[in-house]
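Undergrad: what shape does this take:
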Amino acid sequence: ADEVLALVEAAGTSGYSLYGIVSVGSNEGRGFLRGVPVLGDIANLREYVLAYDVETLVVATAPDKTHTLFHVLRPLRYAGVQIMDYVALYEELGTEIPIDHIDDEWLMHAAMNSSRIHIRQIKRVMDLGASMIGLIVLSPLVVLAAIAIKLTSPGPVLYRQERVGRDGRVYTLLKLRTMRQNAEAESGAVWATAGDRRITPVGRFLRKWRIDEIPQLVNVLRAEMSLVGPRPERPEFVSTLKHSLPFYQERLMVAHGITGWAQVKFPYATSIEATKRKFQFDLYYIKHMSPIMDLRII
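TA: Prediction:
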């Protein structure tokens, strides 16, 4: 219940007004939690719903207690009260999926209600058209960036790196080089950070305006990537994240993108915890992906 209250508070103008908390299993007495009154226990739920003219009930209980509520909740649902669980509220207000509160059954239900195959076909047509136009229009900018890279730091203009795409296929991602040559010679594979010292001054400008990502339009033409989708990770990181984050395999079931919902909503991820948060935004995108959402992200 405390997490629900914090979620609604953080959302600001969510459209929800919280009337009260009803405890499950025991009557914990009256009082307040974050300024919201604790009304009593589940036995009087119907009376509370009628008294406050409640439109929505949020079921925020442990999974083993949820089934015991069905006989109380079902009549209220038939009476027109909306029933939401914590995941649905989190998804609506946070536009991400809390992976600590879902399971395979939830993921299967989400997949059954998705028209992902149809969307893939539309996305591919959009990708082909936009990448061809983008490469033509942006080629002068790439030439200028290439000259700036060559004049300011030794090494190649293009940076090639292995990434893991849809269905776990490994491909070579193309970028304009923004770091000094052999930047990982001593450290090995590490996440880049916003203030990374390995980034050159020109590279910092290219990253700020995402100019370094333009060569990935070639990856889009090759059908290795999409314009929009979860960002592809390096094989070294994928093997670690599969063991650290539950359901990470879901991320490999769709085409990865030059940009994505996680990139719009969250800054650089430099730790497992930050990557977990970005993954929650990726899961939201995977569930809700559509041409309209892609245009919104772009």
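
Undergrad: what about the closest residue to residue 82 other than its chain neighbours, neighbour count?
TA: Spatially, and ignoring its direct neighbours in sequence, residue 82 is nearest to residue 56 (4.4 Å; CB to CB, 6 or more residues apart in numbering). C-beta here means a position set from N, CA and C on the backbone, and glycine is covered the same way. Close neighbours of residue 56, defined as other CB atoms under 10 Å, add up to 13.

Undergrad: just give me the neighbour total for residue 131.
TA: Residue 131 has 21 nearby residues by other CB under 10 Å.

Undergrad: surely it touches residue 228?
TA: No - counting by CB atoms under 8 Å, residue 131 stays clear of residue 228, with 11.9 Å between them.

Undergrad: distance of the closest residue to residue 11 other than its chain neighbours from residue 16?
TA: Excluding the flanking residues, the one nearest residue 11 by CB to CB, 6+ apart is residue 93, at 4.1 Å. Note on residue 93: its distance to residue 16, by CB to CB, to the nearest Å, is 8 Å.

Undergrad: what's the overlap in contacts for those two?
TA: Common contact partners of residue 93 and residue 16 (CB atoms under 8 Å, 6 or more residues apart in numbering): residue 8.

Undergrad: can you give me the strands for the stretch 51-200 of the chain?
TA: 56-59, 82-85, 158-164, 170-176 (DSSP state E, counting those that start in this stretch).

Undergrad: among these, which is nearest residue 273?
TA: strand 158-164 (20.9 Å; CB to CB).

Undergrad: which neighbouring elements make contact with that closest one?
TA: Judged by 3 or more CB pairs under 8 Å, 6 or more residues apart in numbering; DSSP states H and E, strand 158-164 is in contact with strand 170-176, helix 235-244.

Undergrad: could you export the helix or strand of the chain with the lowest mean pLDDT as PDB, CA atoms only?
TA: Ranking every helix and strand in the chain by mean pLDDT, DSSP states H and E puts helix 63-66 at the bottom, with a mean of 75. Output of helix 63-66 as PDB, limited to C-alpha atoms (Å, rounded to 0.1, in the frame of the first residue of the first chain):
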ATOM      1  CA  PRO A  63       0.200 -12.900  -4.500                       C
ATOM      2  CA  ASP A  64      -0.800 -15.600  -2.000                       C
ATOM      3  CA  LYS A  65      -3.500 -13.300  -0.600                       C
ATOM      4  CA  THR A  66      -4.900 -12.200  -3.900                       C
END
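
Undergrad: centre of the chain to it, how far?
TA: 27 Å (CA atoms, centre = their mean, to the nearest Å).

Undergrad: cool, and stretch 70-83?
TA: 31 Å.

Undergrad: same check, this time on stretch 157-168
TA: The answer for stretch 157-168 is 20 Å, by CA atoms, centre = their mean.

Undergrad: what's the answer for stretch 148-166, then?
TA: 27 Å.

Undergrad: quick one: buried residues of that stretch?
TA: 148, 149, 153, 159, 163, 164, 165, 166 (16 or more other CB atoms under 10 Å).

Undergrad: now the end-to-end length of it.
TA: End-to-end distance for stretch 148-166, by CA to CA, to the nearest Å: 34 Å.

Undergrad: cool, thanks, signing off.
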